[in-house]
Structure formats: structure tokens, C-alpha cells
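Trainee: Sequence unavailable; structure follows:
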């Protein structure tokens, strides 16, 4: 004898809620070194199908983290961080083409580099690889 499962009203309501839930896994990168960091789980808190679909569209995307990875945080305590960039290959000034270089310099060096305004308060900035080469920073990747 085969039994059919009869869904109760509560079970039907739960099935409807699943369509309205909307969950996404978002991957985050360190904004300094671009290393993959923890991922975040986003959930729809409005419990509407429209909002659930907008959350589900974010599933799998990669975005910049608001926090730095531990290694970059440690570098920041040693000085000012310069990230190598290639100005000639940069299409978007808010996201420069990276050379793969990261240097830590003394705060005085950064202040001199960004004179007369001084170095950014964030403790990190992009520097074109040709300027980095002129500064004689080590291992400048001019072929990036």
C-alpha cells in the first residue's frame, strides 16, 4: 500500500516562504592584495519574491571586502603601503590595473611622494610602476 503525504497548511506556507527567502553566497577579496577572504551569506529580510530574486542574483559574485586580510593589516603596522599599478593599462581610475607589486615604505617617504598634500590617511595608495622604478623600489614589475 502506497501512502500519499498530505501537506498541511503549515507545510504549504513554508513552501511559499522558500520562494520568498532568497539566499546568496558572496565572495570577498582583500582590497590591498586581492587575496580571497571569507565569504558572506546574504539573506532577504523583507520576505518578498521580488527582493528574494534580487538577492539570488548576487549569488557567486566577487566583491571587495571592507576589511583587510591579516597579512595586509600586519604590513600596515610597519608603514605606508604602495600598490603597484600600470597607468597605461588602467581603464577605470577607481580600480587600477595592478602590477602585482606591494611595497611598504616609511610614512616620511609616502608624505614626500604625495607632497604637497601628504599621503592619504588610509595608509595605502596606488603608485604607477614607472614611478616605483624611479624611486628604486625593489622588484618592480614593468612587464605587467
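Mentor: Okay, I see it. Since we're looking at a predicted model, the values are computed, not measured.
Trainee: can we go C-alpha only for contacts and neighbour counts from here?
Mentor: Noted.
Trainee: The helix or strand where residue 102 lies pairs with which strands?
Mentor: Residue 102 belongs to strand 98-105 when assigned by DSSP states H and E. Sheet pairing for strand 98-105, assigned by DSSP bridges, gives strand 80-85 (antiparallel).
Trainee: for the record, mean pLDDT for the strand holding residue 102?
Mentor: On average, the pLDDT along strand 98-105 is 96.
Trainee: Okay, buried residues for it please.
Mentor: Buried residues in strand 98-105, counting neighbours by 16 or more other CA atoms under 10 Å, are found at 98, 99, 101, 102, 103, 104, 105.
Trainee: quick one: contacts for the last one?
Mentor: Same thing as residue 105. Residue 105 makes contacts with 79, 80, 81, 82, as judged by CA atoms under 8 Å, 6 or more residues apart in numbering.
Trainee: Check the first one too.
Mentor: For residue 98, the contacting residues are 83, 84, 85, 86, 144, taking CA under 8 Å, 6+ apart as the criterion.
Trainee: Over to the fourth one?
Mentor: Each residue near residue 102 by CA under 8 Å, 6+ apart is listed here: 33, 81, 82, 83, 84.
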